[in-house]
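In: here's my sequence, what's the structure:
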Amino acid sequence: MYTARLPAAGRALSRSAHSSSKALASIEGENIFAQCTQLAVKAGAVNLGQGFPSWPTPSFVSEVAREKIADGFNQYSRPGGHPNFVSAVAEVYSPRFAQKLDGMTNVCATAGATGALFTIFSSLADAGDEVVCIDPAYDAYKKMAKILRVNMTGVPLEFPAGGPPTSAQQLQLDMSKLDAALSDRTRMLILNTPHNPTGKVFSRAEYEAIAEVVRKYPQLIVVSDDVYEASVASGLEHVRFATLPGMWERTISVYSAGKTFSCTGWRVGYMVAPSDITAHLLKAQSITAHSNAAPLEQAVAESLRAAETNGYYQELPALLEGKRNIIASALARAGLRPMVSGGGYFLMCDTSHLPVDAPASGPNTPLAERRDFLACKYLTEEVGVTGIPTAGFYSPENRALADNTLRFAYCKADEDLSDAANRLSKFTFGDAEEAALG
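Out: So this is what the prediction gives:
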């Protein structure tokens, strides 16, 4: 005879079968990117929100992918990356790091760079550990930390004296504040250059100053998010943190084939690290994703080798720099002072001249009620150009810094950028000026 099971005496049923984990529930509501996309669609606006290229993947990359599928690379790959893939990474990056890399022990393939970051968090950080990032920061860092119950603190990039900068290179990191945020309990420091969302390219002097602080904390792992390494504007240097004295032994460098080869939907990422750290990453990767798309790993392997000699690494930054200049000039002429980026896909601008009023906000004010979101909504509905509010890139305690800024993605087709520039040309919100283009 069936007998219904009753809850233990005195214990109330407090969860629905359809409820999420507490960690997931702690992440703020609807995705702000989705909200802005909905606004853009409704208004018929040019959407310069999300950072994916709207031009074709280079033919030397896409054609080899078709070949690899036809060649039969369609079954599971090695969890850490097919031997050909990790060998290609080792070949290409050994001179970049001035290290003799072993693909099988220094490289781990991942499901995109975001997959790499989750593998890092899940393999090296325990619940209650502390992680520090540079604010503003890619929003996935903080979301991963919450899901894994890791405590994250952001140290803000600061405006120079005199107000909003005209260049992202003018944003400054206070090393004393970085030092104060770190402690013997800090497990990881996350760095990112070129930086999302600002486009700042950290100089060698800045990275050397950060390394000097890092040396005080022997337990600290540095995660160097270098996904935009191939997109550094002319006149600037991409510095690999792991190449600084004493930093190789404690640094995990993260890369994205999607960003390098304009194929973000392929979700092929990889990490380079010393072998003892890579062993942990390989173990976690075999659990979190098992393996990646086999034919696409093969295509990226051949593309990495080809790009060393075919001029691609010169063409991509020049292409992006031209696109950056289109939107930066249009924003400047509209009185929305751009902070001209030094690399990557994005730049930010000052929106303080927009006729947007917002109630006072605090660290826990919902993102959709903050001034930056209302400014995004205004530009979408009144001008027909959509960016992304920046408060979601900050730790709650630093979100006041986002009130007067928006981020725009310039990794878009020239016709879309020209359309946005034309729409902006019909408005002047402050003192029109020429963008200080590098």
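In: and the lengthiest helix in the chain, what does it pack against?
Out: Secondary structure assigned by DSSP state H gives helix 312-333 as the longest helix of the chain. Applying 3 or more Cβ pairs under 8 Å, 6 or more residues apart in numbering; DSSP states H and E, one finds that helix 312-333 contacts strand 338-339, strand 346-350, helix 414-424. All C-beta atoms are positioned from the backbone trio N, CA, C, and that covers glycine.
In: tell me the strands beside the second one, with direction?
Out: So the one you mean is strand 346-350. Strand pairing for strand 346-350, using DSSP bridges, gives strand 338-339 (antiparallel), strand 405-409 (antiparallel).
In: by how many degrees do it and helix 312-333 diverge?
Out: With axes from the mean of the first three to the mean of the last three Cα atoms, to 10 degrees defining the directions, strand 346-350 sits at 10 degrees from helix 312-333.
In: past strand 346-350, which element shows up next along the chain?
Out: Using DSSP states H and E, the helix or strand that follows strand 346-350 towards the C-terminus is helix 371-378.
In: can I get that next one in CSV? Just the C-alpha atoms.
Out: Below are the C-alpha coordinates for helix 371-378, written out as CSV (Å, rounded to 0.1, in the frame of the first residue of the first chain):
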residue,chain,number,x,y,z
ARG,A,371,20.9,57.2,-14.2
ASP,A,372,23.1,55.4,-16.7
PHE,A,373,20.2,53.1,-17.7
LEU,A,374,17.9,56.1,-18.1
ALA,A,375,20.5,57.8,-20.2
CYS,A,376,20.7,54.7,-22.4
LYS,A,377,17.0,54.7,-22.7
TYR,A,378,16.9,58.4,-23.6
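In: how about the strands in the stretch 101-250 of the chain?
Out: Assigned by DSSP state E, counting those that start in this stretch, the stretch 101-250 of the chain shows strands spanning 107-111, 130-135, 151-158, 172-173, 186-192, 221-225.
In: can you say which of those strands is nearest to Ser275?
Out: Closest to Ser275 of these is strand 107-111 (Cβ to Cβ; 10.0 Å).
In: ok, Phe60 touching Glu308?
Out: No: taking contacts as Cβ atoms under 8 Å, Phe60 lies outside contact range of Glu308: 11.9 Å.
In: quick check: Ser87 vs Lys22, distance?
Out: Ser87 is 43 Å from Lys22, where distance means Cβ to Cβ, to the nearest Å.
In: and the least confident helix or strand in the chain by mean pLDDT, what's buried?
Out: The helix or strand of the chain with the poorest confidence is helix 22-25; it has a mean of 86 (mean pLDDT, DSSP states H and E). By neighbour count on 16 or more other Cβ atoms under 10 Å, the buried set for helix 22-25 is empty.
In: for Leu331, which non-adjacent residue is closest in space?
Out: Pro338 (4.4 Å; Cβ to Cβ, 6 or more residues apart in numbering).
In: helices along the stretch 101-250 of the chain, start to end?
Out: Remark: helices assigned in the stretch 101-250 of the chain by DSSP state H, counting those that start in this stretch are 103-106, 112-124, 139-147, 175-181, 204-214.
In: save those as CSV, and put in mean neighbour count, mean pLDDT and distance to Val300 too.
Out: Formatted as CSV, these follow (neighbours: other Cβ atoms under 10 Å; pLDDT from 0 to 100; distance: least, Cβ to Cβ, whole Å):
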stretch, mean neighbour count, mean pLDDT, distance to Val300
helix 103-106, 20, 98, 13
helix 112-124, 23, 96, 12
helix 139-147, 20, 94, 21
helix 175-181, 14, 98, 34
helix 204-214, 16, 98, 27
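In: quick one: closest of these to Tyr76.
Out: Short answer: helix 112-124, nearest of those by Cβ to Cβ, at 16.0 Å.
In: how far away from the center of its chain is that closest one?
Out: Distance, stretch centre to chain centre, for helix 112-124: 13 Å (Cα atoms, centre = their mean, to the nearest Å).
In: can you list contacts of that helix?
Out: Residues outside helix 112-124 that contact it (Cβ atoms under 8 Å, 6 or more residues apart in numbering) are 108, 110, 131, 140-141, 144-145, 148, 150, 187-188, 221, 223, 225, 227, 252, 254-256, 258-259, 264, 267-271, 277, 280-281, 283-285, 287-289.
In: could you flag which of the residues you listed are buried?
Out: 108, 110, 131, 141, 144-145, 148, 150, 187-188, 221, 223, 225, 227, 252, 254-256, 258-259, 264, 267-271, 277, 280-281, 284-285, 288-289.
In: returning to that earlier point: who has more neighbours, Phe60 and Glu308?
Out: Neighbour totals were compared for Phe60 and Glu308, and Phe60 leads with 15 against 12 (other Cβ atoms under 10 Å).
In: could you list the buried residues of stretch 186-199?
Out: 186-199.
In: brain fart, stretch 292-303
Out: Asn292, Ala293, Ala294, Pro295, Leu296, Glu297, Gln298, Ala299, Val300, Ala301, Glu302, Ser303.
In: how near is the second one to Ala328?
Out: So that's Ala293. 36 Å.
In: and if you look at the last one?
Out: Applying Cβ to Cβ, the value for Ser303 to Ala328 is 30 Å.
In: cool, and the fifth one?
Out: When Cβ to Cβ is the yardstick, Leu296 and Ala328 sit 33 Å from each other.
In: one step back: relative to the whole chain's centre, how far out is the longest helix of the chain?
Out: In terms of Cα atoms, centre = their mean, the centre of helix 312-333 is set 19 Å apart from its chain centre.
In: just the CA coordinates for that helix, please, in CSV.
Out: In CSV, the C-alpha atoms belonging to helix 312-333 read as follows (Å, rounded to 0.1, in the frame of the first residue of the first chain):
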residue,chain,number,x,y,z
TYR,A,312,46.3,39.5,-40.2
TYR,A,313,47.6,40.8,-36.9
GLN,A,314,48.3,44.1,-38.6
GLU,A,315,45.0,44.3,-40.4
LEU,A,316,42.7,43.7,-37.5
PRO,A,317,43.8,46.6,-35.2
ALA,A,318,43.8,49.0,-38.2
LEU,A,319,40.3,47.9,-39.0
LEU,A,320,39.1,48.4,-35.5
GLU,A,321,40.9,51.7,-35.1
GLY,A,322,39.1,53.1,-38.1
LYS,A,323,35.7,52.0,-36.7
ARG,A,324,36.5,53.4,-33.3
ASN,A,325,37.3,56.8,-34.9
ILE,A,326,33.9,56.9,-36.6
ILE,A,327,31.9,56.6,-33.4
ALA,A,328,34.3,58.6,-31.3
SER,A,329,34.1,61.6,-33.7
ALA,A,330,30.3,61.4,-33.8
LEU,A,331,30.0,61.3,-30.0
ALA,A,332,32.4,64.3,-29.7
ARG,A,333,30.5,66.4,-32.2
